[in-house]
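Student: Just need the structure, nothing else, for what follows:
(chains A, B, C and D)
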There are 4 protein chains.
Amino acid sequence: MALDPSLVDQTSNPIPVPTAPRPDILRCAYMEIVVTDLKKSREFYVDVLGLIVTAEDDETIYLRTFEEFIHHNVVLRQGPVAAAAVFSYRVRTPEDVDKAQAFYEELGCEVRRSKTGFVKGIGDSVRVVDPLGFPVEYFYEVEHVERLTMRYDLFTPGALVKLDHFNQVTPDVPRATRFQESLGFLVTESIQDEKGTIYASWMRRKSTVHDTAMTGGNGPRMHHIAFATHEKHNILAICDNLGARRISDCIERGPGRHGVSNAFYLYLIDPDGHRIEIYTQDYYTGDPDNPEVIWDVHDNQRRDFWGNPVVPSWYTEASLVLDLDGNPQPVVARTEDTELAVTIGADGFSYTRKDDKVEGFKVGTVL
Amino acid sequence: MALDPSLVDQTSNPIPVPTAPRPDILRCAYMEIVVTDLKKSREFYVDVLGLIVTAEDDETIYLRTFEEFIHHNVVLRQGPVAAAAVFSYRVRTPEDVDKAQAFYEELGCEVRRSKTGFVKGIGDSVRVVDPLGFPVEYFYEVEHVERLTMRYDLFTPGALVKLDHFNQVTPDVPRATRFQESLGFLVTESIQDEKGTIYASWMRRKSTVHDTAMTGGNGPRMHHIAFATHEKHNILAICDNLGARRISDCIERGPGRHGVSNAFYLYLIDPDGHRIEIYTQDYYTGDPDNPEVIWDVHDNQRRDFWGNPVVPSWYTEASLVLDLDGNPQPVVARTEDTELAVTIGADGFSYTRKDDKVEGFKVGTVL
Amino acid sequence: MALDPSLVDQTSNPIPVPTAPRPDILRCAYMEIVVTDLKKSREFYVDVLGLIVTAEDDETIYLRTFEEFIHHNVVLRQGPVAAAAVFSYRVRTPEDVDKAQAFYEELGCEVRRSKTGFVKGIGDSVRVVDPLGFPVEYFYEVEHVERLTMRYDLFTPGALVKLDHFNQVTPDVPRATRFQESLGFLVTESIQDEKGTIYASWMRRKSTVHDTAMTGGNGPRMHHIAFATHEKHNILAICDNLGARRISDCIERGPGRHGVSNAFYLYLIDPDGHRIEIYTQDYYTGDPDNPEVIWDVHDNQRRDFWGNPVVPSWYTEASLVLDLDGNPQPVVARTEDTELAVTIGADGFSYTRKDDKVEGFKVGTVL
Amino acid sequence: MALDPSLVDQTSNPIPVPTAPRPDILRCAYMEIVVTDLKKSREFYVDVLGLIVTAEDDETIYLRTFEEFIHHNVVLRQGPVAAAAVFSYRVRTPEDVDKAQAFYEELGCEVRRSKTGFVKGIGDSVRVVDPLGFPVEYFYEVEHVERLTMRYDLFTPGALVKLDHFNQVTPDVPRATRFQESLGFLVTESIQDEKGTIYASWMRRKSTVHDTAMTGGNGPRMHHIAFATHEKHNILAICDNLGARRISDCIERGPGRHGVSNAFYLYLIDPDGHRIEIYTQDYYTGDPDNPEVIWDVHDNQRRDFWGNPVVPSWYTEASLVLDLDGNPQPVVARTEDTELAVTIGADGFSYTRKDDKVEGFKVGTVL
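Tutor: The predicted structure follows:
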């Protein structure tokens, strides 16, 4: 997103762009998540959602999706406080790990390097606390495991086939977006208003709508991690499964069609309150001039293309993130308007749909 | 439903069972709906929803679904007040029309007979105001038209292939249910509470979950008319279509999976406020000992199996029904508890899901 | 099907219509199938196809579909020769079992009655060898079992939710069809040629395209038993599962869209050579004047609406059927043209599609 | 694919790798196709398949898919001989067009440059006849058009949303593969035998299984161009549409699940004999160490994962390709074994499935 200069000026405390070359990031690869009851989490992620166990011990479970060939897409780790421990990206070459290290060292961030990897299955890697306060990892070396793409004998009706993206909560979305751009991320979509306030932005390295998104709110926090299914009926099957197990309370929002990204979605809450998105069917974004889509924050089809209301918890709740020592990062309040505040009437979200008429706004129109 | 005698006693003012034999009703066949702006209604039902026009003139449009071979499933008629003019059922033989006439005459209802039919495409028929206040028609003779079952060249992504059922609002559900049973309807599912209050019941003639349902509320009113699609993705495509046309405000509720009936559903509101359900995938009910399913009114998966909240308008809003002269029937208030009241907290439906925990209730358990 | 009188005359050796009233048949209910290796059959029907085991012992396995509430839809019984032991129908009342007995006794058929049922889960029943040579059972009493309609936690991607129909091979289709009509079956579709030869007919009791079909060929033999899935993707998932298990050789034909019935289909061959159809999405046929669809045998879209060729084995192979003592019934050759012969060129079925042009034939046109 | 050196040696007449840097190719972008009856082709591509017309005149039609934002994915041009006129790729920057020019000039290929583009909507481009005899174009500049991603009001049940890939026929697959690798293509899958003969290879630039594939046969010829749908049911809907229009003869093969690529597929033949694939659901391949999948040519699930036979025309028929003056390129015979010959018995493809047992071959195993 070629940010409007006036918006850029608005960004307080811009993060400098290092002179060191940025790493060539391939894609979001895995998230390490601290859970407070590993057994309950295993039931949720393995028995209910059907993620594949690559490895596990008493403290940790390594999970992957059906079409993944690297060791894992999620690490569940038993710990005292529910939190996201790291957002991990794979880079193109071993040398890109060095570049990542230099890039963040120039920024003065805390940086740790492990030649043997911080977790099982991952080799030489660097972990940092980025200028936005998020714990981030970069690695190239990884153990290959059996890709279960065609193991249809193992598929469940709601099989999760890919890790799709992360979503991060940050108080200053333009500042965070500019920082991600300095890392080579390209903005594909965003939500803005007529005053130039940016409420959220979506950014990609791989050729989908995003590898991560920045959602405006008190942060740094982890908003969600998203897994892809093949088709929409797979997401409906997940809902049916949750209903049959009488645990439908873990459905926070959806299923529905996003405006932003065009994807069909569902949001679940895991036993620790971590949010999981199930997602399918966004679109190819791999051309360098891929047209950006800017949504009006007042357009009630931006978050749900069918105009269904967004539950307030979806805007306000998120997971803590940890520093490199495993302590929760302090959360800074968003000072600009929140998306919840500008779109929800005082009388409750239930009337949003009817109050929130948008006339003559075209799909994908630049504001 | 073999009504518990104690429930039956509770029914005030029971409707006597005529000695005249009842007509052999095949199925719900069509609804005549009065609309106040026929052009706008045509846009909704034909251009947006894609129903097939069998015939039309300046005052009336006759519509059918893709797999229908009788003249129509809906008659839209221009009129001064939006209302349901008739709920029409097909009977098995021409003689069953006579039986229907005698049955209602014995009940003292207003009965009219037209040997040439009250509307185009329908022959010898009888129209009555039933003891519940609803305008009902019975016919056998009907013009056959081209069944478009395999005209896939005409199908849209959200093609409506069948009329599935009606849904009626009535203040006294047990009384209405018993009357429908006297007409040969069989109860397949119902919503009750531990005190024996019945909030809604579903009744069938054809081998699906229902041809009509009785929903407790101020009545007689028409709650909705439901059309079937082949698969769930067809319903999602209807939502996408409405989103793309920027008329998603007509989505009142859903899509979702019903608890009752197991069907996947969507509720739309037409330009006059008439409610349309799009519905797919209930189950075979044709055996005489088909097991009845009784849902607890406090089970928050009864109306949406995924626990998504029901918008209050869905409980409170419905269409007027007309008498045989075309005048709106007076509406009588429900005196028993409403489903809305017993399931929704004072602070709004948005928190229903979280407040409304149901422990240990099994799918389809008899209360 | 109001058979053309000239066709009727052609029927050699017509079966008389008994003066005794016919039983009121509800639907096809189950098939008892003799298999030669029960363990291998269990793998196929339970581990691969996912049918639900209601009960089993060393000799017999009782299986049902997800939406069934009667004890079973299939009985697999260990035996010396692979065969269909009985085609079993449920009737509307206990008295209809008496009627069935009288009906067949008047025809001079071999008739056996068991007040406690011939197999587990079924009560008072009658078994006959019908005039066409098929072993047939009628029962009303049956043990109810848990209906798993909403047990989505147990669903596989290819879940079989209903028994849909039987298909029988008989040398003289008009004769067999007329006999089934005398039992109250209604013809919904058929395949004929311009000379009046009838190659196959479909007949229903429940409101679908069929409870059984008659396919012209050497008989009496069992052509297939068909189970329904909810949607088309479920059938594709079954194929994917078979591919992943490296047992795709059991796919005989399909998946594809039928012309006749409009259903999406797949044919599998079980370890004993018994043919199983997986089927979804035919249409409502419950009106007494349901329009019959007659297909031209030269229309290459009749068997596969997409014109894909039918493998010859599908026309020639079928299972033996047993008499009431468990001995295979002798097979009588069809003397009229076979569908294979009139539609397949000498150079192999592979060119059928291109040679077999049909100009100007409309969907569902009466010949 | 790190080609086995022994295979490389086998490659006669290897193409040298230029010292000039290769262009950075983004993706396959469009194909220019010569058709002999533009009106008939328009009916097929626009009226039946539903591609979007960006522009047209008496000689030429420019078509795109729903999710495309560049001017077109197909150019249909009226001409005397049905052929593929150009395979066009988009490159990352304007400078990559210069690089492409230098790359091919060093190879001694015929090269033409047009600063204003060879066709409407495309700017500065270079066209070459590559060393394999194929006409290829590279461009960066292109007119952006409205992306119809969310214009669900325009979607048909079989909406084509993306151009997915090309497929080329060439006599010497290893030679062609090595040349494509010199252009930066990465091999994702291939079909080989135990002697090291390579029958086909799949190569990608974007992060899918392929942008183009090389199929062994008499060449250079164009095997097919492939468009993607969102889901599998969209492909079934295309078949249904063709059946309803009574043009199912244009279905050459499928629908089915590929072994190679894991995609669900359908092959159609356009009015000129050009082959179109409809394709959905392959997998992410964007990591540099994406595991290659090598299929055994004797594995009858490689081309159809369900073991359905491949019609011989699919192996033998393909479209001519043109030189830069519009004359058909001469076709050179493949001298190695053909896939058809090694996998099909003398008695016709119809028995392939049963004859072609493959024991113990695992999905995706390296040979």
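
Student: use CA for all of it now, contacts and neighbours both
Tutor: Fine.

Student: Which stretches in the stretch 101-250 of chain A count as helices?
Tutor: Assigned by DSSP state H, counting those that start in this stretch, the helices in the stretch 101-250 of chain A fall at A:173-182, A:232-244.

Student: same question for the longest one, mean pLDDT?
Tutor: Confidence over helix A:232-244, taken as the mean pLDDT, stands at 98.

Student: Please name every helix or strand in contact with the helix or strand that comes right after it.
Tutor: Next helix or strand after helix A:232-244 toward the C-terminus (DSSP states H and E): strand A:251-257. Applying 3 or more Cα pairs under 8 Å, 6 or more residues apart in numbering or on different chains; DSSP states H and E, we find strand A:251-257 packed against helix A:232-244, strand A:264-269, strand B:251-257.

Student: try 10 Å this time
Tutor: Helices and strands touching strand A:251-257, by 3 or more Cα pairs under 10 Å, 6 or more residues apart in numbering or on different chains; DSSP states H and E, are helix A:232-244, strand A:264-269, strand A:275-280, helix A:312-316, helix B:232-244, strand B:251-257, helix B:352-355.

Student: So residue A:65 sits against residue A:154, correct?
Tutor: No - if you go by Cα atoms under 10 Å, residue A:65 and residue A:154 don't touch, sitting 11.8 Å apart.

Student: higher neighbour count, those two?
Tutor: residue A:65 (27 against 16; other Cα atoms under 10 Å in any protein chain shown).

Student: Give the closest residue to that one in space, chain neighbours not counted.
Tutor: Nearest non-adjacent residue to residue A:65, counting by Cα to Cα, 6 or more residues apart in numbering or on different chains: residue A:161, 4.8 Å away.

Student: show me the contacts for the one you found.
Tutor: A:51, A:64-68, A:148-149, A:155, A:227-230, D:283 (Cα atoms under 10 Å, 6 or more residues apart in numbering or on different chains).

Student: same thing with residue A:256?
Tutor: So residue A:256 contacts A:232, A:235-236, A:263-267, A:279, A:303-308, B:236, B:239-240, B:254-256 (Cα under 10 Å, 6+ apart).

Student: tell me which residues in the lengthiest strand in chain A are buried?
Tutor: Longest strand in chain A by number of residues (criterion: DSSP state E): strand A:25-35. Buried residues in strand A:25-35, counted by 16 or more other Cα atoms under 10 Å in any protein chain shown: A:25, A:26, A:27, A:28, A:29, A:30, A:31, A:32, A:33, A:34, A:35.

Student: picking up where we left off before, now, of the contacts of residue A:256, which are buried?
Tutor: A:232, A:235-236, A:263-267, A:279, A:303-308, B:236, B:239-240, B:254-256.

Student: beta partners of the residue of the stretch 251-367 of chain A found nearest chain C?
Tutor: Nearest residue of the stretch 251-367 of chain A to chain C, counting by Cα to the nearest Cα: residue A:251, 15.6 Å away. With DSSP bridges as the criterion, residue A:251 is bridged to residue A:268.

Student: close enough to count as contact, it and residue A:239?
Tutor: Yes - Residue A:251 lies in contact with residue A:239 (Cα under 10 Å); the separation is 7.7 Å.

Student: Next, show the common contact partners of these two.
Tutor: Common neighbours of residue A:251 and residue A:239, counting by Cα under 10 Å, 6+ apart, are A:266, A:268, B:306, B:307.

Student: From residue C:232, how far out is the first one?
Tutor: Distance from residue A:266 to residue C:232, counting by Cα to Cα, to the nearest Å: 23 Å.

Student: try residue A:170
Tutor: Note on residue A:170: its distance to residue C:232, by Cα to Cα, is 43 Å.

Student: One more: residue A:249?
Tutor: Residue A:249 is 30 Å from residue C:232, by Cα to Cα.

Student: And residue A:156, by the same measure?
Tutor: Applying Cα to Cα to residue A:156 and residue C:232 gives a distance of 16 Å.

Student: Then residue A:14?
Tutor: Going from residue A:14 to residue C:232 by Cα to Cα gives 53 Å.

Student: just residue A:234 next, same as before
Tutor: 13 Å.

Student: Please apply the same query to residue A:145.
Tutor: 32 Å.

Student: And for residue A:316?
Tutor: For residue A:316 relative to residue C:232 (Cα to Cα), the value is 40 Å.

Student: Likewise for residue A:272?
Tutor: Plainly put, residue A:272 is 37 Å away from residue C:232 if you go by Cα to Cα.

Student: hang on, the earlier thing: what's the closest of the helices of the stretch 101-250 of chain A to chain D?
Tutor: In terms of Cα to the nearest Cα, the element of those nearest to chain D is helix A:232-244, at 8.4 Å.

Student: Looking from chain D, tell me which residue of the stretch 201-350 of chain A is nearest.
Tutor: For the stretch 201-350 of chain A, Cα to the nearest Cα, closest residue to chain D: residue A:231, 6.2 Å.

Student: Which residues are in contact with that residue?
Tutor: Counting by Cα under 10 Å, 6+ apart, residue A:231 makes contact with A:158-159, A:264, A:279-281, B:233, C:233, D:230-233, D:281.

Student: before we move on, the earlier item: what mean pLDDT would you report for the longest strand of chain A?
Tutor: Averaging pLDDT along strand A:25-35 gives 98.

Student: Now the next helix or strand after that strand: average pLDDT?
Tutor: Proceeding N to C from strand A:25-35, the next assigned helix or strand is helix A:38-42, under DSSP H and E. Taken as a whole, helix A:38-42 has a mean pLDDT of 98.

Student: contacting residues around helix A:38-42?
Tutor: A:34-35, A:44, A:46-51, A:53, A:58-61, A:63, A:76-79, A:270-272.

Student: try it again with 6 Å
Tutor: residue A:78 (Cα atoms under 6 Å, 6 or more residues apart in numbering or on different chains).

Student: Quick check: buried residues in that helix?
Tutor: By 16+ other Cα under 10 Å, the buried positions in helix A:38-42 come out as A:38, A:41, A:42.

Student: Please state the offset of that helix from the chain centre?
Tutor: Helix A:38-42 sits 22 Å away from the centroid of its parent chain (Cα atoms, centre = their mean, to the nearest Å).

Student: How about stretch A:164-176?
Tutor: Chain-centre distance of stretch A:164-176: 8 Å, with Cα atoms, centre = their mean.

Student: what do you get for stretch A:69-86?
Tutor: On Cα atoms, centre = their mean, the centre of stretch A:69-86 falls 14 Å from the chain's centre.

Student: Ok, stretch A:13-25 next?
Tutor: 21 Å.

Student: same thing with stretch A:175-188?
Tutor: Distance of stretch A:175-188 from its chain centroid, counting by Cα atoms, centre = their mean, is 14 Å.

Student: Could you count how many residues lie near the closest residue in space to residue A:322 that isn't next to it in sequence?
Tutor: Excluding its sequence neighbours, the residue lying closest to residue A:322 (Cα to Cα, 6+ apart) is residue A:328, at 4.3 Å. Residues lying near residue A:328 (other Cα under 10 Å) number 19.

Student: What of residue A:242?
Tutor: Residue A:242 has 22 neighbours, counted by other Cα under 10 Å.

Student: Quick one: residues contacting it.
Tutor: Counting by Cα under 6 Å, 6+ apart, residue A:242 has contacts residue A:248.

Student: Residue A:318 versus that one, what's the distance?
Tutor: Shown here: residue A:242 relative to residue A:318, a distance of 22 Å by Cα to Cα.
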